[in-house]
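>>> sequence? don't have it. structure:
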């Protein structure tokens, strides 16, 4: 068994697609309609995200996805370049990892982690 995708409820589909393409280099893999709802699958190597429109995106949630990246500072600079907000960090953990949290375009929390 393996994970197929991580679903993210978004409030603006085009803005969210733009964020994941420009900042993280995901590519649109497929667009489907399910029960009159537009769903977009994005892919980066073995990682697949499902974006779907919803109205719960302003509620607070600590659910998040974490991407391991080779150069955390590069991601932080791209987030700033495209005007996405750093929520927390970067923090250095006692095991040498460095982590930072970003708020995505639909208030989703995205963690980025660089291993030492």
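Received, thanks. Note that the coordinates shown come from a computational prediction; the quantities given were computed from them, not determined experimentally.

>>> pLDDT averaged over stretch 54-61 - what is it?
With pLDDT averaged residue by residue, stretch 54-61 scores 62.

>>> cool, and stretch 17-31?
Here stretch 17-31 scores 94 as its mean pLDDT.

>>> First-to-last residue distance for that stretch?
In stretch 17-31, first residue to last residue: 11 Å (C-alpha to C-alpha, to the nearest Å).

>>> buried residues in it?
Within stretch 17-31, the residues that count as buried by 16 or more other C-beta atoms under 10 Å are 17, 19, 20, 23, 24, 26. For glycine as for every other residue, the C-beta is placed from the backbone atoms N, C-alpha and C.

>>> The fifth one belongs to a strand?
No. Judged by DSSP: H, G, I helix; E, B strand; the rest coil, residue 24 forms no part of a strand; its state is coil.

>>> Enumerate every residue touching the closest residue to it other than its chain neighbours.
On the basis of C-beta to C-beta, 6 or more residues apart in numbering, the spatially nearest residue to residue 24 that is not a chain neighbour turns out to be residue 44, at 6.6 Å. Counting by C-beta atoms under 8 Å, 6 or more residues apart in numbering, residue 44 touches 24, 25, 26, 27.

>>> No further questions, thank you.
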